[in-house]
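**Q** sequence? don't have it. structure:
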Ligand SMILES: Nc1nc2c(c(=O)[nH]1)N[C@@H](CN(C=O)c1ccc(C(=O)N[C@@H](CCC(=O)O)C(=O)O)cc1)CN2
Ligand SMILES: [Mg+2]
């Protein structure tokens, strides 16, 4: 068996197209231009690339983009003042603080300062709690992308056995909640779980978000499983650019899985597209408009 490759580039481009259509509609019918503010602290090269891509894709979708770049030694007080300003700025409907933050800043304090209505990362405790309670919420972008990629293979995942390996606030925990909302049967595993191979063997859907290069092996998988690889690990290559690998041993998994996301070109592509969806949704909710059709 050779697994079908789930093409995140194509699915994300299609989603961005639908967002752009809906943005054009709300601009025309409601004179509302959704706006996203992205805050980058410091100069981590990967974060700079992600923030640039957020800016470009936000503008391409017809939304307003506001970039705020602060030095790595910015004080927590100054960052909180900026967030308060963005909370009150009527042009801004989504606020995202790029993670990770420098170690001198308290991520929790910063995230908690964002107006939950503008929390397009879905990380504020109000949104995380609402998601966990099964209520409507802004949800983190990467898990939303994982669900969309899964649904490109399975129209319904009701009753399917899913395993989520990883329990971060950004991916693993919210993904578990989104899968429960889809009526999947969910096993939560992590780096300390015993006998991951045995747990994976039961799973129709495998989500690897543990941050360990190629940890999930091909012979762990159930034949025909759908594998969604959230890992982005840079492996140093002497004299060349680092190699990008996921948390799944891709070549091994190809022979066993029914469908699998590549790295790069899989889940990562969905993260920014889903951020555009969340910004549009936040803008409509703030202005009392019906939820957009994306
Ligand atoms: N506040 C947030 N911080 C971070 C998030 C987030 O959702 N909110 N996620 C990641 C970084 N990220 C977006 O911020 C992101 C990661 C990866 C990609 C992507 O397109 N990946 C490509 C590979 C790109 C590469 O070469 O590095 C792919 O997988 O095809 C987009 C966005 C952590 N921080
Ligand atoms: Mg984790």
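**A** That came through fine. Note that the coordinates shown come from a computational prediction; the quantities given were computed from them, not determined experimentally. Ligands and ions are numbered 1, 2, ... in the order given.
**Q** Can you pull the phi and psi angles for the residue of the stretch 101-250 of the chain found nearest ligand 2?
**A** Using C-beta to the ion, the single residue of the stretch 101-250 of the chain nearest to ligand 2 is residue 166, 3.3 Å away. The C-beta positions use only the backbone N, C-alpha and C, and glycine is treated the same way. Dihedral angles of residue 166 (phi, psi; degrees, to the nearest 10) stand at phi 130, psi 140.
**Q** who's in contact with it?
**A** 172, 190-191, 207-211, 230, 247 (C-beta atoms under 8 Å, 6 or more residues apart in numbering).
**Q** Out of the residues you listed, list just those in strands.
**A** Among the contacts of residue 166, DSSP state E puts 207-208 in strands.
**Q** Residue 30: what's it in contact with?
**A** 287, 289.
**Q** neighbour-wise, which of the contacts of residue 166 leads?
**A** In terms of neighbours by other C-beta atoms under 10 Å, the contacts of residue 166 top out with residue 207 at 33 neighbours.
**Q** about what we covered before: please report how far the residue of the stretch 101-250 of the chain closest to ligand 2 lies from ligand 1.
**A** The spacing between residue 166 and ligand 1, counted by C-beta to the nearest ligand atom, to the nearest Å, is 13 Å.
**Q** try residue 155
**A** Taken as C-beta to the nearest ligand atom, the span from residue 155 to ligand 1 is 25 Å.
**Q** Same check on residue 9?
**A** Taken as C-beta to the nearest ligand atom, the span from residue 9 to ligand 1 is 7 Å.
**Q** What is the neighbour count of that residue?
**A** Neighbour tally, residue 9, other C-beta under 10 Å: 14.
**Q** Does it touch residue 265 like I think?
**A** Yes - taking C-beta atoms under 8 Å as the definition, residue 9 is a contact partner of residue 265 at 5.4 Å.
**Q** so which of the contacts of residue 166 comes closest to residue 182?
**A** residue 207 (12.4 Å; C-beta to C-beta).
**Q** Could you export the contacts of residue 166 as a markdown table, including distance to residue 154 and pLDDT?
**A** Shown next, in a markdown table, are the contacts of residue 166 (distance: C-beta to C-beta, whole Å; pLDDT from 0 to 100):
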| residue | distance to residue 154 | pLDDT |
| --- | --- | --- |
| 172 | 20 | 98 |
| 190 | 24 | 95 |
| 191 | 27 | 90 |
| 207 | 13 | 98 |
| 208 | 18 | 98 |
| 209 | 19 | 98 |
| 210 | 23 | 96 |
| 211 | 26 | 96 |
| 230 | 18 | 98 |
| 247 | 21 | 98 |
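**Q** State the helix or strand in which residue 236 lies.
**A** strand 233-237 (DSSP states H and E).
**Q** where's that strand relative to the chain centroid, distance-wise?
**A** Here strand 233-237 is found 22 Å from its chain centre; the criterion is C-alpha atoms, centre = their mean, to the nearest Å.
**Q** That strand pairs with which strands, parallel or anti?
**A** Strand 233-237 pairs in its sheet with strand 240-245 (antiparallel), by DSSP bridges.
**Q** Is there proximity between the strand it pairs with and ligand 1?
**A** Yes - judged by C-beta under 6 Å from any ligand atom, strand 240-245 and ligand 1 are in contact via residue 244.
**Q** again with stretch 86-102
**A** Yes - Stretch 86-102 lies within reach of ligand 1 by C-beta under 6 Å from any ligand atom, at 96-99.
**Q** Top of those by number of neighbours, please.
**A** The member of these surrounded by the most neighbours (other C-beta under 10 Å) is residue 97, with 25 neighbours in all.
**Q** residues touching the residue nearest the centre of the chain, list them.
**A** Most central in the chain under C-alpha atoms, centre = their mean is residue 142, positioned 1.4 Å from the mean C-alpha point. Listed by C-beta under 8 Å, 6+ apart, the contact partners of residue 142 are 170-171, 175, 209, 230, 267, 270-271, 274.
**Q** Could you list everything residue 237 pairs with in the sheet?
**A** residue 240.
**Q** burial count for it?
**A** 9.
**Q** residue boundaries of the strands in the stretch 151-294 of the chain?
**A** For the stretch 151-294 of the chain, the strands defined by DSSP state E, counting those that start in this stretch occupy 161-165, 185-189, 205-208, 226-229, 233-237, 240-245, 259-260.
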